[in-house]
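Undergrad: sequence first, predicted coordinates after that:
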Amino acid sequence: MSKRRNRQLPDGLHRLWKYAREMLLSLARARGGNVVVLTAFCALPVITAMGAAIDISRVHGAQTSLQSVCDAAALAAAKSGNLSVAAAESSSGRTSDAQAAASSAAQSFVSGNYLTSGLTSSPDLSISTTVSAANVVTVTVTLTYNQSLLFGSIFGISSTPVTVTSTATVALGSSYYQVVFLIDVSNSMGIGGTSTAIAALQSNRQIQCAFACHDPNSYSSVTTDCVASSGSGNRHHGGSSNGASVCDKRAIAKAAGISLKIDYVSQAVEDFITQLDEYTGNDTTHFTVAIDTFGTNFTQALAPTTNLSSALTAAENIDIETVLPWATYNYGYTYTQKALSSALSSITNVGDGSSPTKMRTFLVFLSDGAEDLPGPYVDYGRSLDVAYSSQCDALKNSGINIFSIWAHYYPIPTDSQYSTLVAPISANLGPTMQACASSSDQYFEASDGPAIQSAISSSFVAIAAAVGLHLSK
């Protein structure tokens, strides 16, 4: 982020404040005179000081607004200059073209945004753009704005200049990149996104469970009984509802406005893509987005694309997988190892960002950390583990940068399956997910839905910085 410099008072305000201060000190040293005259005389420096304080506040407000415009203009200019360098077919004219592109972008941004920032006139702009031998574009923007003064005009100071500076850099080698989401959509992501949501699920007479399983085909008696009965948690059947009324608890939760963990994931990915759209503007040639989901099956929900409208639609459709037949799939598993291996096979064009076939690649991996595999019948036909570290290592060794988000598996002591299957490995869930991250600052623990949104937002900020576009000073 930019550093705010130039916080000293502009010269005009400094002289006004000095005048008011000297008047107050002179008054304080006075020892005689009529009280009425003294009171009247006292009013002038007090009013002057108050006026100076108001003008100082106005100038600081203008300075803050001007700095925001300057920061954004520098970013826009650096990006435009970088795109110009990337598009150049030869070194001839590369720098001058980048300078022209950066200047045009900065001017356009300032003229189009100064009013919405609270400034009453367009500030004067100066810009310096350099392109290094390594094709690193550096842009410095300086803005100067004349802020009018309310009380200063009494003393012949009608306005004072405010000047701010911002520098942004972007490297050509980071111009091409791809972001791949690998999202756990197993039914354990169907738990309430907050403690309030969990309580609402349990108290809803049509759900009465912390999880809202997605069973539109009514494979499970637990999800087809619209009012759960005592002991129904372990009943199962292998095909139709056997006469039970269809009651898809995921659909009921949605209709009741109860947000599940997966809802927060979907919204967070939408927000990520929206931010990416704002960041890239009209450039649809230097990035791709893909969305993969996994549970029982690995699904490429969105093939790599530069079409962010399609990406938003795919993000909106992220949801927990449907319950599968018990006889074959035990209602569904979570094959984490297979998912990571499938992601490695499907991700192509990994590289340093220097070309469309060598894109810097970021994988945002989100899961509750528990791999759920077929197991002994006495253990509900399941076996949970965290044995997927080697698959994460394979992805990292291929040049893929992993952001790992551990969406906590909520402890539910009253649930027998949790006590039998999850509790024994609960201490290993977080450390294993952390080991998947490419670095410690690319690992996030998300204890609830809002924390999931925060983690994905932080991933975007880190990726935006990693691809090179950032304020350097």
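TA: Noted; the coordinates are in hand. Numbering: from 1, shown residues only.

Undergrad: just the strands from the stretch 301-450 of the chain, written as ranges.
TA: Under the criterion DSSP state E, counting those that start in this stretch, the stretch 301-450 of the chain carries strands at the ranges 360-367, 371-374, 382-385, 401-407, 443-446.

Undergrad: how about the helices in the stretch 251-400 of the chain?
TA: All helices of the stretch 251-400 of the chain, identified by DSSP state H, counting those that start in this stretch, fall at 261-280, 308-316, 326-329, 336-346, 389-397.

Undergrad: okay, and for the stretch 351-473 of the chain, where does confidence drop off?
TA: Along the stretch 351-473 of the chain, the parts satisfying pLDDT under 70 run over 378, 468-473.

Undergrad: before we move on, back to that, of all the strands of the stretch 301-450 of the chain, which one comes closest to residue 254?
TA: strand 401-407 (18.9 Å; Cβ to Cβ). (Glycine included, C-beta is placed from N, CA and C.)

Undergrad: pull the CA atoms of that closest one into CSV?
TA: What follows is strand 401-407, C-alpha atoms only, in CSV (Å, rounded to 0.1, in the frame of the first residue of the first chain):
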residue,chain,number,x,y,z
ASN,A,401,1.3,-22.0,-5.8
ILE,A,402,-1.2,-23.3,-3.3
PHE,A,403,-3.4,-21.2,-1.0
SER,A,404,-4.9,-23.6,1.6
ILE,A,405,-8.0,-22.7,3.5
TRP,A,406,-9.1,-25.0,6.3
ALA,A,407,-12.8,-24.7,6.8
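
Undergrad: turn the strands of the stretch 301-450 of the chain into a markdown table, including mean neighbour count and distance to residue 122.
TA: Shown next, in a markdown table, are these (neighbours: other Cβ atoms under 10 Å; distance: least, Cβ to Cβ, whole Å):
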| stretch | mean neighbour count | distance to residue 122 |
| --- | --- | --- |
| strand 360-367 | 25 | 37 |
| strand 371-374 | 19 | 58 |
| strand 382-385 | 18 | 62 |
| strand 401-407 | 26 | 40 |
| strand 443-446 | 20 | 41 |
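
Undergrad: any chance of a markdown table for those, columns distance to residue 342?
TA: Below are those laid out as a markdown table (distance: least, Cβ to Cβ, whole Å):
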| stretch | distance to residue 342 |
| --- | --- |
| strand 360-367 | 12 |
| strand 371-374 | 14 |
| strand 382-385 | 18 |
| strand 401-407 | 15 |
| strand 443-446 | 22 |
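
Undergrad: wait, which of those strands is closest to residue 422?
TA: It's strand 382-385; of the strands of the stretch 301-450 of the chain, that one is closest to residue 422 (Cβ to Cβ) at 6.2 Å.

Undergrad: run the chain-centre distance for that closest one.
TA: Relative to the centre of its chain, strand 382-385 is centred 33 Å away, using Cα atoms, centre = their mean, to the nearest Å.

Undergrad: parallel or antiparallel, list what pairs with it.
TA: With DSSP bridges as the test, strand 382-385 is paired with strand 371-374 (antiparallel).

Undergrad: need the contact partners of the partner strand.
TA: Here strand 371-374 makes contact (Cβ atoms under 8 Å, 6 or more residues apart in numbering) with 186, 188, 330, 333-337, 381-388, 421.

Undergrad: which of those residues are buried? Put it as a ChimeraX command.
TA: Only the buried entries of these go into this ChimeraX selection, using 16 or more other Cβ atoms under 10 Å:
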select :186,188,330,333,334,335,336,337,381,382,384,385,386,388,421
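
Undergrad: ok, and what's touching stretch 99-112?
TA: 69, 72-74, 76-81, 83-84, 122-123, 125, 127, 129, 131, 137, 139, 141, 143.

Undergrad: in that stretch, which residues are buried?
TA: Result for stretch 99-112 [16+ other Cβ under 10 Å]: buried residues 99, 101, 102, 103, 104, 105, 106, 107, 109, 110.

Undergrad: those residues into a markdown table, with extra columns for pLDDT, distance to residue 263 and secondary structure?
TA: A markdown table is the format used below for the buried residues of stretch 99-112 (pLDDT from 0 to 100; distance: Cβ to Cβ, whole Å; DSSP: H, G, I helix; E, B strand; the rest coil):
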| residue | pLDDT | distance to residue 263 | secondary structure |
| --- | --- | --- | --- |
| 99 | 94 | 47 | helix |
| 101 | 94 | 41 | helix |
| 102 | 95 | 41 | helix |
| 103 | 96 | 45 | helix |
| 104 | 96 | 42 | helix |
| 105 | 94 | 38 | helix |
| 106 | 95 | 40 | helix |
| 107 | 95 | 43 | helix |
| 109 | 93 | 35 | helix |
| 110 | 94 | 40 | helix |
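
Undergrad: give me the three-state assignment for residue 161.
TA: strand (DSSP: H, G, I helix; E, B strand; the rest coil).

Undergrad: contact partners for it?
TA: Neighbour list for residue 161: 10, 144, 145, 146, 147 [criterion: Cβ under 8 Å, 6+ apart].

Undergrad: again with residue 449
TA: Neighbours of residue 449 in contact, by Cβ under 8 Å, 6+ apart: 193, 194, 197, 259, 260, 261, 263, 264.

Undergrad: out of these, flag the one nearest to residue 251.
TA: Using Cβ to Cβ, the contacts of residue 449 come closest to residue 251 at residue 260, 11.5 Å.

Undergrad: so how far is residue 300 from that closest one?
TA: For residue 260, the distance to residue 300 equals 23 Å [Cβ to Cβ, to the nearest Å].

Undergrad: buried stuff in stretch 161-171?
TA: For stretch 161-171, by 16+ other Cβ under 10 Å, it's 162, 163, 164, 165, 166, 167, 168, 169, 170, 171.

Undergrad: wait, I meant stretch 437-454
TA: Neighbour count says stretch 437-454 has 437, 438, 442, 443, 444, 446, 448, 449, 451, 452, 453, 454 buried, by 16+ other Cβ under 10 Å.
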